[in-house]
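Sharing a sequence plus its predicted fold:
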Amino acid sequence: DAKTTQPTSMDCAEGRAANLPCNHSTISGNEYVYWYRQIHSQGPQYIIHGLKNNETNEMASLIITEDRKSSTLILPHATLRDTAVYYCIVRPSSLLSSNYKLTFGKGTLLTVNP
Amino acid sequence: DTGVSQNPRHKITKRGQNVTFRCDPISEHNRLYWYRQTLGQGPEFLTYFQNEAQLEKSRLLSDRFSAERPKGSFSTLEIQRTEQGDSAMYLCASSRRASPRAGELFFGEGSRLTVL
């Protein structure tokens, strides 16, 4: 699986947009970008995923660069409850059984400040 | 609440004892995963089931670890002769079959193991 690089930590003011970057320069054409987050003492939670196009759902927006070598997760109006570790994960879309698992890195600790 | 249930939530045991964790996935999910997470690290993959078949095991899963999913529903993870290095959060997740939704894993809240 392609490796991802994320900043160790970021801060954001409550009510402002949080923009979390991820570098995945070795991503291949059939690999999706997934974002998960993990609030303290809870299991990881799926946020969003994409292949080429930008995606938006009720939680966040995902912006993938045209060359697909990096992406940004945007939380449009961060709240204190968004304080969590955010993981950017690249996963192949192949139907091979070994490709169904997700490989987590250390992620970015986002702290939303009042 | 994601619908994935794990028990017990916390387990304290002495070195050398056996422990067993149970995971009840979302009922229509046929894929089930076990992960382990230590402090400051992301979750590490341990093993994966599709229905009752265990299709992949990580090298992290030593022979003291065994996982089962006998009827393709709930799963158990047993650790024999526990060591202090086994202290961690053990996370279970489930997902649907079809790709790319197969990447949408639903995690339980985990079972925290402390080995004294």
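Here it is on my side, so go on.

ok, the most centrally placed residue in chain A - contacts?
The centroid of chain A falls nearest to A:Trp35 when counting by CA atoms, centre = their mean (3.0 Å). A:Trp35 makes contact with A:20, A:22, A:47-49, A:60, A:62, A:73, A:86-89, according to CB atoms under 8 Å, 6 or more residues apart in numbering or on different chains. The C-beta positions use only the backbone N, C-alpha and C, and glycine is treated the same way.

Among those, which one sits closest to B:Gln37?
A:Tyr87 (11.4 Å; CB to CB).

Report the separation between the residue nearest to B:Cys92 when sequence neighbours are not counted and A:His49.
Of all residues not flanking B:Cys92 in the chain, B:Cys23 sits nearest, at 3.3 Å (CB to CB, 6 or more residues apart in numbering or on different chains). In this view, B:Cys23 and A:His49 are 23 Å apart by CB to CB, to the nearest Å.

ok, now A:Gly29?
For A:Gly29 relative to A:His49 (CB to CB), the value is 16 Å.

Tell me which of the two has more neighbours.
Neighbour count, other CB atoms under 10 Å in any protein chain shown: between A:Gly29 and A:His49, A:His49 has more, with 19 against 9.

That one contacts A:Thr56, correct?
No: the criterion here is CB atoms under 8 Å, and A:His49 misses it with A:Thr56 at 11.9 Å.

Geometric centre of chain B: which residue is closest?
So for chain B, CA atoms, centre = their mean, it's B:Trp34, sitting 3.0 Å from the centre.

check whether the strand or helix carrying that one contacts chain A.
B:Trp34 belongs to strand B:31-37 when assigned by DSSP states H and E. Yes: Strand B:31-37 lies within reach of chain A by CB under 8 Å from any CB of the partner chain, at B:31, B:33, B:35.

Among those residues, the buried ones, what's the ChimeraX command?
Entered in ChimeraX, the line below selects the buried ones among the residues of strand B:31-37 next to chain A, by 16 or more other CB atoms under 10 Å in any protein chain shown:
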select /B:31,33,35
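
Show me what the least confident helix or strand in chain B by mean pLDDT is packed against.
None of the helices or strands of chain B scores lower by mean pLDDT, DSSP states H and E than strand B:53-57, at a mean of 90. Applying 3 or more CB pairs under 8 Å, 6 or more residues apart in numbering or on different chains; DSSP states H and E, one finds that strand B:53-57 contacts strand B:44-50.
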